[in-house]
Structures are given as C-alpha cells and as structure tokens.
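# just a sequence and a predicted model for now, questions to come.
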Amino acid sequence: GENVEQHPSTLSVQEGDSAVIKCTYSDSASNYFPWYKQELGKGPQLIIDIRSNVGEKKDQRIAVTLNKTAKHFSLHITETQPEDSAVYFCAAPLLDNNDMRFGAGTRLTVKP
Amino acid sequence: DAMVIQNPRYQVTQFGKPVTLSCSQTLNHNVMYWYQQKSSQAPKLLFHYYDKDFNNEADTPDNFQSRRPNTSFCFLDIRSPGLGDAAMYLCATSRDRGLTEAFFGQGTRLTVV
C-alpha cells in the first residue's frame, strides 16, 4: 500500500521568509497529491493540489512541485505571514481503493 | 456556509457507554469518510461509504461502526468507548474516491471519562 512520509515535523520561520515542506510517496502509480492546512480545533482544508501530468502549480503565495521520478512533492509558501501558522498535511491516494493516505503533518510556526 | 457539518463539536461519554457522532453534507457527494485523529497525529481513515457501499479499513476495530441512511447523512457509532478512543473524529466528503478534493467538517472532539 501507499506510504507517505513528510518532513520536517516542525518548522519555524520568521515572517516574510519562505517555508518548504516535503513529502515522499511509495506508489509510482499515484497521480493526485493534495496539501491540507489544519488550524487549531478545525478540520483540514485543501489549500492546493497537483496531478501527475504537471510538475508545478502555483496559487498566489503557495506553490506545489512534483517530481514523479523521485516520487516526491513539496509545498512552498513564500512571504509567510502569522496566519500561515498551522499544521500542514500532504496526502496521496492508495491506488487499490483510492483512499487517501496522509503524511504525519508539519507544524509551521511563523514568528512576527 | 458550512458544507460538511458535524454534531456535536464536543462530546463527553462514559467508558463503555455507546455514543453516536453525526455528519451531514450539502454537497451531494458520493463519498463520505470517517477519520480518527489523535493529538499531533495525521488523520487515520476508519471507513468510508461510496454511495451505499461500505468500505472498512482492515485495522479499524469492530467497536467502530457506521451508518449512512441517505446521501446527506452519515453516523459513526462507537459501541463501547474506551479511554484510547478519545480523539478528534473528522467526517469528510468527496465527489469521487481518492482523486478529488475532500471536504472536511470541523470535527467532533470525543472525551471518554
């Protein structure tokens, strides 16, 4: 089955700096890679996703890159703001039943 | 407007006393999921419904059951809650399995006393 590993587990940056979170997956047939943001006491919310037919996708300050050969994808947040502080999860589907498997999460803290 | 609504937000139950958590959706999505999330951990899939078809994860304890009486509602039943079942329970929906966005509710935080 799919194994999704996420690094780092915690990340602290200064406001205005960039933050990068990386995930690796094991199933080479996986073809959809979402990133979720979870704020304290709330459910995860999708912030960006990428499909395997593209290598990069950008939405304002957030971008995701995908390297299918190396089987890893990364979340990039530029010009970080305190409201970006949250736990971020990557995910990838299990191809046998398409259930989503989550990475362990990264707690991002943006210091003012 | 909230599209996936979970009730209650907070639930306290006694050890061994059956408890039911509810989830409703206004998206008319085919798939409804239940995840368990313990502190500082990733959400763990318990089971999901694809329309009326129930799909249980292999490692989900028998203590956890689910019902989906119609497209809009899905329930999580914990027959005999133990202290280890204290967690946030997240309901999510998606139009289709796996390859489309999942919409999560706010979660129900379950405390077992």
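That came in fine, so what should we check first?

# quick one: name the residues of chain A near chain B.
Within chain A, the residues that sit near chain B (CB under 8 Å from any CB of the partner chain) are A:31-32, A:34, A:36, A:41-46, A:49, A:51, A:89, A:93-94, A:97-105, A:107. Where C-beta positions appear, they are placed from N, C-alpha and C, glycine not excepted.

# can you do 6 Å?
Counting by CB under 6 Å from any CB of the partner chain, the positions of chain A adjacent to chain B are A:32, A:42-44, A:46, A:89, A:93, A:98-100, A:102, A:104-105.

# so, low pLDDT: which residues of chain B?
B:1, B:98-99 (pLDDT under 70).

# that older thread, drop anything exposed from the residues of chain A next to chain B.
A:32, A:43, A:44, A:89, A:93, A:98, A:99, A:100, A:102, A:104, A:105 (16 or more other CB atoms under 10 Å in any protein chain shown).

# show me what contacts the most centrally placed residue in chain B?
Geometric centre of chain B, nearest residue: residue B:34, 3.0 Å, by CA atoms, centre = their mean. Taking CB atoms under 6 Å, 6 or more residues apart in numbering or on different chains as the contact definition, residue B:34 lies against B:46, B:47, B:76, B:91.

# just confirm it is within a strand.
Yes - checked against DSSP: H, G, I helix; E, B strand; the rest coil, residue B:34 lies within a strand.

# so where do the strands sit in chain B?
B:4-7, B:10-13, B:19-25, B:31-37, B:44-50, B:53-56, B:64-67, B:73-78, B:87-94, B:102-104, B:108-112 (DSSP state E).

# mind giving me the packing neighbours of the second one?
The reference is to strand B:10-13. In terms of contacts (3 or more CB pairs under 6 Å, 6 or more residues apart in numbering or on different chains; DSSP states H and E), strand B:10-13 is packed against strand B:108-112.

# who's in contact with the strand it packs on?
By CB under 6 Å, 6+ apart, the list of residues contacting strand B:108-112 reads B:6, B:10-13, B:15, B:21, B:81, B:83, B:85-86, B:88-89.

# can you redo these as JSON lines with neighbour count and distance to residue B:95?
Shown next, in JSON lines, are those (neighbours: other CB atoms under 10 Å in any protein chain shown; distance: CB to CB, whole Å):
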{"residue": "B:6", "neighbour count": "23", "distance to residue B:95": "19"}
{"residue": "B:10", "neighbour count": "10", "distance to residue B:95": "29"}
{"residue": "B:11", "neighbour count": "17", "distance to residue B:95": "29"}
{"residue": "B:12", "neighbour count": "12", "distance to residue B:95": "34"}
{"residue": "B:13", "neighbour count": "17", "distance to residue B:95": "33"}
{"residue": "B:15", "neighbour count": "11", "distance to residue B:95": "38"}
{"residue": "B:21", "neighbour count": "21", "distance to residue B:95": "23"}
{"residue": "B:81", "neighbour count": "22", "distance to residue B:95": "32"}
{"residue": "B:83", "neighbour count": "9", "distance to residue B:95": "37"}
{"residue": "B:85", "neighbour count": "20", "distance to residue B:95": "30"}
{"residue": "B:86", "neighbour count": "16", "distance to residue B:95": "32"}
{"residue": "B:88", "neighbour count": "21", "distance to residue B:95": "24"}
{"residue": "B:89", "neighbour count": "23", "distance to residue B:95": "22"}
